[in-house]
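What would the 3D arrangement of this be:
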Amino acid sequence: MKSEFYELLSKDNDFCQALGRLMLVASKLEVLIKQYLRLQGKEVSERQATLGNLIKLLKKKNHLTKNGEMLFQQANMQRNYLIHNLFASFENEIEHNLLPVEDLVEMDVFVYTQQVEVSIEDFTSYCEIVSEGIDKHNKNSQKDAAEAAPLL
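Purely as a prediction, here's the structure:
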């Protein structure tokens with residue numbers, strides 16, 4: 001049923017639209033984090049601009065609390081799983097699955113779609129947080145903005 005379920009997912013408009021929206025909001029978050037880091041004096045190369053690396057830079061520069069770091073890393077893990085490892089999970093190519101892959105039925109497409117929707121909500125919230133950090137920086141002096149960290 002794994003390969004059949006993957007085919008169900010790939011043909012489900014709601015799931016595919018949600019996955020597309022997740023990709024868009026994740027891309028937005030990456031750009032916002034790069035902009036925030038630049039405002040904080042950290043130039044980010046294109047090679048460093050993956051979400052995982054950007055989160056590491058935020059942590060290194062003390063722009064995340066422990067909870068913020070955990071939340072951003074969890075979001076990155078969810079995104080990576082859904083974008084890079086979903087098919088691999090059905091082929092037993094990865095050890096840790098974030099979503100069930102055994103005993104799936106057609107109704108589980110809804111469960112998968114809902115999980116992607118939750119990820120979209122999380123990423124949207126993180127975009128808002130980083131945008132607020134950028135706004136604070138722009139409204140304050142360089143010195144005050146540095147003291148406004150951490151973001152989350």
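
Where does the prediction get shaky in this protein?
Applying pLDDT under 70 to the chain flags the ranges 1, 141-150, 152.

which helix is the longest one in the protein?
As assigned by DSSP state H, the longest helix anywhere in the chain is helix 108-139.

now that helix, how far from the centre of its chain.
Taking C-alpha atoms, centre = their mean, to the nearest Å, one finds helix 108-139 lying 8 Å from the centre of the chain it belongs to.

If we go by neighbour counts, what in it is buried?
Neighbour-count burial for helix 108-139 flags 108-109, 112-113, 115-116, 119-120, 122-123, 126-127, 129-130, 133-134, 136-137 (criterion: 16 or more other C-beta atoms under 10 Å). C-beta here means a position set from N, CA and C on the backbone, and glycine is covered the same way.

repeat for stretch 96-105
Applying 16+ other C-beta under 10 Å to stretch 96-105 flags L98, V101, L104 as buried.

which SS class is Q48?
coil (DSSP: H, G, I helix; E, B strand; the rest coil).

quick one, what contacts it?
By C-beta atoms under 8 Å, 6 or more residues apart in numbering, the contact set of Q48 is L54, L57.
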